[in-house]
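*Asks:* Give me a 3D structure for the following:
(2 chains)
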Amino acid sequence: MKRIYVNEQWCLGCHLCEYNCAFANSGETNMAKALKGKPIFPRIRVDGDESINFAVSCRHCKEPLCVKSCISGALSSKDGAICIDHNKCVGCLTCILVCPYGALSQGEHGAVQKCELCLENSCGEPACVKGCPNRAIVYEER
Amino acid sequence: MKQYVIIGNGVAAAGCIEGIRSADSESRIVVISEEKHPVYCRPLISYYLEGKTDLQKMKYRRDDYYEKMGCEVLYGKKAVKIDKDAKTVILEDGPAIPYDAVCVAAGSAPFVPPLAGLESVKNKFSFMTIDDTLALEAAVTPDSSVLIIGAGLIGLKCAEGLKERVADITVCDLADRVLSSILDTECASMMQKHLEQNGIRFLLGDSAERFEGNTAFMKSGRTVSFDVLVLAVGVRANTTLVSDAGGQVNRGILVSEHMETTIPDVYAAGDCTEGEDISFGQKRVLAILPNAYMQGQCAGVNMAGGEAAFDKAIPMNSIGFFGMHAMTAGSYFGENEGGALYEEKTENTLKRLFTRNGLLTGFILIGHTDRAGIYTALIREKTPLDAVNFELLKKNTTLAAFSRESRINKLGGAV
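*Replies:* Coordinates of the predicted model:
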């Protein structure tokens, strides 16, 4: 299955992926209207320290602890992609307690959000990958 | 073709069904369900009272789940005996169901202490099931005074769920603090203060000695009048099916890392079991949903002839009340037990990391809980702290604290 990977030696730490992600999942057609002057809720996050940067998003684990631990049945695996039903999620955050990668976060309205590989929005391909200026983030089979 | 029997129809049973089907798509699965509902998200009953979910959304799996999984569910049936020689499960109303392998996923039952005069209380409820919840919902009015006995997870979630639907809520507990099973004294007092600010009244270190109708007479001499009583003192694992059949039980059914009981072809999973808590190094009842699913799945795979082990169980809870969130995991060893503590504190947030022998053994986080799973993984994987930059991790849950090699392993391939 194709997943999103980051090549950390190429990641500039520019945070553009976070903005592209938040925009792709905003449902808006204009980036300024979607993001300007508002707190953003990206599903990918640039982690790192003063010497290294790398963007972290869901690993779409084969044995997903988040899905097994979800108390509301909101997280599930669809053909290997880990998806969340925002309507079922009650915001208990158990998934955040168990994810070893820190890849889930609480969204604007309380329900948890996570990378769904841009399969659930109208982007067509992962927006973080498409917009990465140094091609550090890739979407491929490994 | 084999026949698998699952006693119980909660999340451990769902895990078991899914574990079996990952290894055997053919054989029959019979699920014995005392409750007359398809598997639902038991921890959501308080969210239901709060109006944050509904009966349809609370279903753990889709409506066609059992059909797709090829399961026959016997609703409203109670298993009363496992005949290990005949390899059958005997139901209360007679029939014996043969099994090649059986999983006891019978959960737990509310423990109601013998309290004088309890029979004179008309409106009294447990808070464990959908049926309990619907009965409680029908009994409360906006004018109700509610007394909840037990300031643990169940009692306090019940209080939160009822808050906007009743006039006032008092919670009492024999323990001198709230959430005594997961919070230490100082963290508990922070949470208690927050709950009090949200209108919950507490009587701690006190217990009801006797009841007369709608009045509780407390040990301290106080009296509490109420319209509705909720009994949330604690739960007891349902172990008798296995102990009656000669299997070993302690506070829960003893299981191996393969979820085997001491009786051949009899497995057990979920809140009725006692498995190894690796943060503590002893067997414990770990009645939490993630363990129920993972134990069930592990049992299912093994029942169907596959090989699975679940050897990474730790206690862990993520729980919020009125907007304040707490996450806890593992075991907290004090200095006298060789443990050490790292702490960060502000007025509304708290972080306590407990270490011992070069390992993170537990934590309590209140308020700021982002990426807490990075800490949980250190406990679960028993990661030696000298292999990571723990000074950095104490302050911030970042993967930058791991070596490049381990980070590439985590992020660079399919996991």
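*Asks:* ok, the closest residue to chain A within chain B - how many residues close by?
*Replies:* Chain A sits closest to residue B:371 of chain B, with a gap of 3.0 Å, by CB to the nearest CB. Every residue, glycine included, has its C-beta placed from N, CA and C. For residue B:371, the count of nearby residues is 24 (other CB atoms under 10 Å in any protein chain shown).
*Asks:* dump the residue contacts of the closest residue to it other than its chain neighbours.
*Replies:* Computed as CB to CB, 6 or more residues apart in numbering or on different chains, the closest residue to residue B:371 that is not its neighbour in sequence is residue A:102, at 3.0 Å. Applying CB atoms under 8 Å, 6 or more residues apart in numbering or on different chains, we find residue A:102 in contact with A:45, A:47, A:56, A:96, B:370-371, B:373-374, B:397-399.
*Asks:* Out of those, name the ones that lie in strands.
*Replies:* Counting by DSSP state E, the part of the contacts of residue A:102 found in strands is A:45, A:47, A:56.
*Asks:* How many residues are close by residue B:81?
*Replies:* Number of residues near residue B:81 (other CB under 10 Å) recorded here: 15.
*Asks:* before we move on, which element is it in?
*Replies:* If you go by DSSP states H and E, residue B:81 is part of strand B:79-83.
*Asks:* ok, residues contacting stretch A:110-122?
*Replies:* With contacts defined as CB under 8 Å, 6+ apart, stretch A:110-122 is touched by A:2-4, A:21, A:24-25, A:27, A:41, A:43-44, A:57-58, A:60, A:66, A:74, A:81-84, A:86, A:89-91, A:93, A:95-96, A:103-107, A:124-127, A:139.
*Asks:* Within range of chain A, give me the residues from the stretch 1-150 of chain B.
*Replies:* Listed as neighbours of chain A in the stretch 1-150 of chain B under the rule CB under 8 Å from any CB of the partner chain: B:15, B:41, B:43-44, B:47, B:52-53, B:57-61.
*Asks:* Of these, which is the most crowded?
*Replies:* residue B:15 (32 neighbours).
*Asks:* Torsion angles phi and psi at the closest residue to residue A:8 other than its chain neighbours?
*Replies:* Distances taken as CB to CB, 6+ apart place residue A:54 nearest to residue A:8, at 4.0 Å, with adjacent residues excluded. Note on residue A:54: its backbone torsions stand at phi -160, psi 140 [degrees, to the nearest 10].
*Asks:* Pretty sure residue A:54 sits against residue A:46.
*Replies:* Yes - the pair residue A:54 and residue A:46 passes the contact test of CB atoms under 8 Å, sitting 7.3 Å apart.
*Asks:* who touches both of the two?
*Replies:* Residues touching both residue A:54 and residue A:46 (CB under 8 Å, 6+ apart) are residue A:11.
*Asks:* So out of everything in chain A, what residue is nearest chain B?
*Replies:* When scored by CB to the nearest CB, chain A has residue A:102 as its residue closest to chain B, at 3.0 Å.
*Asks:* mind listing what the residue nearest to residue A:8 touches?
*Replies:* Neighbouring residues of residue A:54 by CB under 8 Å, 6+ apart: A:6, A:8, A:11, A:46-48, B:399, B:407, B:411.
*Asks:* ok so residue B:131 is a strand residue?
*Replies:* No - judged by DSSP: H, G, I helix; E, B strand; the rest coil, residue B:131 forms no part of a strand; its state is helix.
*Asks:* So it versus residue B:93, what's the distance?
*Replies:* Separation of residue B:131 from residue B:93 (CB to CB, to the nearest Å) stands at 20 Å.
*Asks:* who has more neighbours, these two?
*Replies:* residue B:131 (14 against 9).
*Asks:* Roughly how far does that one sit from residue B:102?
*Replies:* Look at residue B:131 and residue B:102: by CB to CB, they are 25 Å apart.
*Asks:* and the two most separated of the contacts of residue A:54?
*Replies:* Among those, the pair separated by the greatest distance (CB to CB) is A:46 and B:407, at 13.9 Å.
*Asks:* Pull out the buried residues from stretch B:294-314.
*Replies:* By 16 or more other CB atoms under 10 Å in any protein chain shown, the buried positions in stretch B:294-314 come out as B:294-304, B:308, B:310, B:312-314.
*Asks:* out of those, who's near chain A?
*Replies:* Okay, of those touching chain A (CB under 8 Å from any CB), that's B:294, B:297.
*Asks:* Widest-spaced pair of the buried residues of stretch B:294-314?
*Replies:* With distances taken as CB to CB, the most widely separated pair in the buried residues of stretch B:294-314 is B:304 and B:314, at 26.5 Å.
*Asks:* re earlier: from the contacts of stretch A:110-122, which land in helices?
*Replies:* The members of these that map onto helices under DSSP state H are A:21, A:24, A:66, A:95-96, A:127.
*Asks:* just the helices in the stretch 1-150 of chain B please.
*Replies:* Assigned helices in the stretch 1-150 of chain B, in chain order: B:11-23, B:45-50, B:65-69, B:130-139 (criterion: DSSP state H, counting those that start in this stretch).
*Asks:* for the third one, what is the average pLDDT?
*Replies:* The average of the pLDDT scores along helix B:65-69 is 98.
*Asks:* what's it in contact with?
*Replies:* B:14, B:17-18, B:21, B:29, B:31, B:38-39, B:62, B:72-73.
*Asks:* give the contact list for residue 92.
*Replies:* By default, I'm working from chain A. A:71-72, B:43, B:318-320 are the contacts of residue A:92 under CB under 8 Å, 6+ apart.
*Asks:* my bad, the chain I had in mind was chain B
*Replies:* By CB under 8 Å, 6+ apart, residue B:92 lies in contact with B:77-80.
*Asks:* Just the buried subset of these, please.
*Replies:* With burial judged by 16+ other CB under 10 Å, the buried subset of the contacts of residue B:92 is B:77, B:79.
*Asks:* which stretches of the stretch 301-415 of chain B form strands?
*Replies:* Applying DSSP state E, counting those that start in this stretch to the stretch 301-415 of chain B gives strands spanning B:316-321, B:324-330, B:339-345, B:350-356, B:359-366.
*Asks:* what's the spacing between the first one and its chain's center?
*Replies:* In this view, strand B:316-321 has its centroid 11 Å away from the chain centroid, taken as CA atoms, centre = their mean, to the nearest Å.
*Asks:* so what secondary structure elements neighbour it?
*Replies:* Packing partners of strand B:316-321 (3 or more CB pairs under 8 Å, 6 or more residues apart in numbering or on different chains; DSSP states H and E): helix A:94-98, helix B:153-162, helix B:185-197, strand B:324-330.
*Asks:* Can you add mean pLDDT and give these back as a markdown table?
*Replies:* A markdown table is the format used below for these (pLDDT from 0 to 100):
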| stretch | mean pLDDT |
| --- | --- |
| helix A:94-98 | 98 |
| helix B:153-162 | 98 |
| helix B:185-197 | 96 |
| strand B:324-330 | 97 |
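*Asks:* burial of residue B:108, as a residue count?
*Replies:* Using other CB under 10 Å, residue B:108 has 19 neighbouring residues.
*Asks:* wait, what's in contact with the residue of chain B closest to chain A?
*Replies:* With CB under 8 Å, 6+ apart, residue B:371 has these contacts: A:96, A:99, A:102, B:397-398.
*Asks:* residue boundaries of the strands in chain A?
*Replies:* Secondary structure of chain A (DSSP E): strands at A:2-6, A:45-48, A:53-56, A:75-78, A:81-84, A:105-106, A:112-113, A:137-141.
*Asks:* Name the residues of the first one that come out as buried.
*Replies:* Translated: strand A:2-6. Buried, per 16+ other CB under 10 Å, within strand A:2-6: A:3-6.
*Asks:* now what about it, what contacts it?
*Replies:* Outside strand A:2-6, the residues that touch it by CB under 8 Å, 6+ apart are A:44, A:54-60, A:115, A:117, A:126, A:128-129, A:136-142, B:411-414.
*Asks:* Pull up the distance across stretch B:229-240, start to finish.
*Replies:* Distance between the boundary residues of stretch B:229-240 (CA to CA, to the nearest Å) amounts to 28 Å.
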